[in-house]
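Enquirer: Provided below for reference: sequence and predicted model.
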Amino acid sequence: MCSIAGIISLTGKPYPGMKNGLSVMNILQKHRGPDGEGIWISPEETAGLAHRRLSVIDLALGEQPMRDDNGNYVCFNGEIFNYLELRQEIGGVYRTASDTEVILKAYNKWAEDCVNHFNGMFSFALWDEKRHRLFCARDRFGIKPFYYTQKDGFFIFASEIKALLPFLDDIRTDADGLKDYLTFQFCLSGKTLFKGIRELEPAHRIIIEDGRIDERRYWQIYYNIDWDHTEKYFSQCIEELVQDSIKIRIRSDVPIGGYVSGGVDSSVVSAIAADMVRGENFAGFTGKFEHGPRFDESKYAQDVAGEHGFELYQIGITDRDFVENIRKVIYHLDEPVAGPGSFNQYMVSKLAAEHRKVVLGGQGGDEIFGGYTRYLVAYFEQCIKGAIEGTMNSGNYIVTYESIIPNLVSLKNYKPMLKNFWKEGLFEDLDRRYYRLINRAPDIMDCIRRDTLDNYNPYDTFEHIFDAGNVEKGSYFDRMTHFDFKTLLPALLQVEDRMSMAHGLESRVPLLDYRLIELAATIPSNFKLKNGDMKYIFKKTMMPYLPKSIQERKDKMGFPIPINAWFKNELRDFVGDVFSVPNAMHREYIDNSSVLEKIKNEGEFGRNIWGLLSLELWHQEFHDKSSYYKKMLEGNS
């Protein structure tokens, strides 16, 4: 795991101060690669690559940027997990044992189609010396980051946004990105919160040649439902693929560990991995909040560790930890995203980095197999509609209301959501109903200076993704999970990457193996939601790997954080101070004077205050420090 960066001329003119610019980007991304750095610059100074390294595979010979016999250079962040198989398939002589060299070999054999041969998490930039062409790509799901900007005829890219800030004329908020954030707490379709900076979307690649930038998708997920096979068949395939995915993801020249939250996904991954490497070589990491038993799920993590014979390290997290670390969290995220779980992840990653360089996580299971309770909320409404209209059993995609009833008790804590969801627009079109369910903007619009925003409507982008042609129109369940897979999952993976890399820790996510994803997209909805049980087929398949306490539990909370209780009590002064600094009163788009009034009405697990607090801390960490970033280029020139 590492960082990459680069500067490429679009006009043929050399970049003034190329080495300095690359060095600055390496400095700002040092935390991602504490084990070494490298810089390559073309003789004409029209192309340059920079790299920071975290040594995991081939500790001695894997330095980057790496050159091959054709004069090509690659700068790579991530892991190609099937690199051993690719070495055999491609053949030839290798100078190193690293997966980085495999990228160069694969490019020489398959050109830009090489990405379709990779099973991994990656972002890379490859300079083709013969063609004077830059080829960049990002993995299928967005596990590894890639950001870019254009300035004065130069294409500038990096693993993290902060490394691009010194190249901007000024730091400004992207109004359309902000609208996305206010609606979803993440941005859509390559937008970021920084004006002038874009994200290369998952499963996309960029080719720059003769001054032209060609960006396009190289992989897509298709929900072509397989009606011919049985539940048993799908279950066998899931188990085999999960086993093989974990097997290739424990390849490492350093010891590995795993996050263990006490839920199904992370517990399954850690249990199988520990069995494969033998328990004494595996370590688990978990956290709990020192705020009573409702915020402590460590017992379940301990049960997994005990049953599979690995050591479990645990950290107790307090409100004091929040005060001391939340600014670091926002800094490393680059932009606030995906809810308060980033703080939990930061603290547990800090613990893990004290004992391991590589950990496995359970990210992805909820999006590919349908594990979020809101799917049940949305589907329940459609079942009622179908029962009233007499269309309940029409079509292959129907999950009946009889099958949902057994699990309705799980909605007990969601009554406020249900009340708000059903107060207007009942039985609207499917896309509008799901948008209404996930839209967070209405509750905070009184804190927004609406007259400063343009006419962009996030619903238009939402609709384009929700109604995409790669999903069968008849399956509401698949359309919901597909939207989250394409939007929420990359946001969660941003958290996974930044919070681990903040501590020089590599996080791997075995459930996001493209073979497993492609299989899951073919599984009928009634195998994913069955008898009211969300993620039914995955949980049933994986239960033998879990202790009885997890098999039987009905109260999974998802490592909840008592953040709103803190805001109303222990952290009230801290929040007040954040919103009371002079600059906070004069934000272009946010009226912070009205935020504090909202705290007393915030629900136990509401995310409105969190979203606005994160946004203000983001302004303070980046906008208010714009001169610091600008001076970095000057100070190192």
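Expert: Good, I have the coordinates. Predicted model, so just to flag it, every value in this text is computed and none were measured. Numbers count the residues shown, from 1 in each chain.
Enquirer: C-alpha only now, for contacts and for neighbours.
Expert: Will do.
Enquirer: partners of the helix or strand where K288 lies, with directions?
Expert: Assigned by DSSP states H and E, K288 belongs to strand 282-289. Strand 282-289 has these partner strands in its sheet, going by DSSP bridges: strand 256-259 (parallel), strand 311-317 (parallel).
Enquirer: Which stretch among those is buried most, on average?
Expert: Most buried of the strands paired with strand 282-289, by mean neighbour count (mean count of other CA atoms under 10 Å): strand 256-259, with a mean of 26.
Enquirer: what's that one in contact with?
Expert: Contacts to strand 256-259, defined as CA atoms under 8 Å, 6 or more residues apart in numbering, come from residues 250, 266, 269-270, 281-286, 348, 352, 356-362.
Enquirer: same check, this time on stretch 153-165
Expert: By CA under 8 Å, 6+ apart, the residues outside stretch 153-165 that reach it are 3-11, 15, 24-26, 28-29, 144-150, 171, 197, 334, 626, 629-630.
Enquirer: how many neighbours does the nearest residue in space to F427 that is not next to it in sequence have?
Expert: Distances taken as CA to CA, 6 or more residues apart in numbering place K385 nearest to F427, at 6.6 Å, with adjacent residues excluded. With neighbours defined by other CA atoms under 10 Å, the count for K385 comes to 17.
Enquirer: one step back: any chance of a markdown table for the strands paired with strand 282-289, columns mean pLDDT?
Expert: Listed next are the strands paired with strand 282-289 as a markdown table, based on pLDDT from 0 to 100:
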| stretch | mean pLDDT |
| --- | --- |
| strand 256-259 | 96 |
| strand 311-317 | 95 |
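Enquirer: Which of these sits closest to I405?
Expert: strand 256-259 (33.0 Å; CA to CA).
Enquirer: Run the chain-centre distance for the helix or strand that the closest one is followed by.
Expert: Going down the chain from strand 256-259, the next helix or strand is helix 264-277, by DSSP H and E. Relative to its chain's centre, helix 264-277 lies at 21 Å (CA atoms, centre = their mean, to the nearest Å).
Enquirer: And for stretch 282-299?
Expert: On CA atoms, centre = their mean, the centre of stretch 282-299 falls 22 Å from the chain's centre.
Enquirer: Any idea how far apart the tips of it sit?
Expert: This stretch, stretch 282-299, spans 19 Å end to end (CA to CA, to the nearest Å).
Enquirer: ok, and what's touching it?
Expert: 255-262, 270, 273-274, 301, 305, 310-318, 344, 347-348, 351-352, 559-562.
Enquirer: picking up where we left off before, for PyMOL, write the selection for the buried entries among the contacts of stretch 153-165.
Expert: The buried residues among these can be selected in PyMOL (16 or more other CA atoms under 10 Å) with this line:
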select buried, resi 3+4+5+6+7+8+9+10+15+24+25+26+28+29+144+145+146+147+148+149+150+171+197+334+626+629+630
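Enquirer: Give me the subset of the contacts of stretch 153-165 lying in strands.
Expert: Among the contacts of stretch 153-165, the members found in strands (DSSP state E) are 3-9, 147-150.
Enquirer: Quick check: E335 vs N72, distance?
Expert: Distance of E335 to N72, given as CA to CA: 34 Å.
Enquirer: Same question for L351.
Expert: In terms of CA to CA, L351 sits 39 Å off from N72.
Enquirer: Name the residue in those two with the higher neighbour count.
Expert: Each of L351 and N72 has its neighbours counted (other CA under 10 Å); N72 has more, 21 against 18.
Enquirer: Wait, the more buried one touches R131, no?
Expert: No: with contacts counted by CA atoms under 8 Å, N72 stays clear of R131, the gap being 9.8 Å.
Enquirer: Need the pLDDT of the residue in the chain sticking out farthest from the centre.
Expert: In the chain, G390 marks the outermost C-alpha relative to the chain mean, sitting 40.6 Å out by CA atoms, centre = their mean. Listed pLDDT for G390 reads 71.
Enquirer: among the ones in strands among the contacts of stretch 153-165, which two are most distant?
Expert: It's S3 and S9 that sit farthest apart of the ones in strands among the contacts of stretch 153-165, by CA to CA, at 20.6 Å.
Enquirer: Enumerate every residue touching the nearest residue to L408 once chain neighbours are set aside.
Expert: Using CA to CA, 6+ apart and skipping residues adjacent in sequence, the residue nearest L408 is G532, 7.1 Å away. Taking CA under 8 Å, 6+ apart, we find G532 in contact with 376, 403-408.
Enquirer: I'd like these as JSON lines, with pLDDT and secondary structure appended.
Expert: As requested, the contacts of G532 are arranged in JSON lines below (pLDDT from 0 to 100; DSSP: H, G, I helix; E, B strand; the rest coil):
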{"residue": "L376", "pLDDT": "84", "secondary structure": "helix"}
{"residue": "S403", "pLDDT": "70", "secondary structure": "helix"}
{"residue": "I404", "pLDDT": "73", "secondary structure": "helix"}
{"residue": "I405", "pLDDT": "74", "secondary structure": "helix"}
{"residue": "P406", "pLDDT": "72", "secondary structure": "helix"}
{"residue": "N407", "pLDDT": "71", "secondary structure": "helix"}
{"residue": "L408", "pLDDT": "75", "secondary structure": "helix"}
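Enquirer: between those, which has the most around it?
Expert: In terms of neighbour count, L376 stands highest of these at 22 neighbours, by other CA under 10 Å.
Enquirer: could you dump stretch 330-341 to CSV, C-alpha only?
Expert: What follows is stretch 330-341, C-alpha atoms only, in CSV (Å, rounded to 0.1, in the frame of the first residue of the first chain):
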residue,chain,number,x,y,z
ILE,A,330,-11.3,15.0,8.8
TYR,A,331,-7.8,15.9,7.6
HIS,A,332,-7.1,12.3,6.5
LEU,A,333,-10.5,11.9,4.8
ASP,A,334,-9.8,14.9,2.7
GLU,A,335,-13.5,15.6,2.6
PRO,A,336,-16.3,14.4,5.1
VAL,A,337,-18.0,11.3,3.9
ALA,A,338,-20.4,8.5,4.9
GLY,A,339,-21.2,9.2,8.5
PRO,A,340,-19.5,9.0,11.9
GLY,A,341,-18.1,5.5,11.4
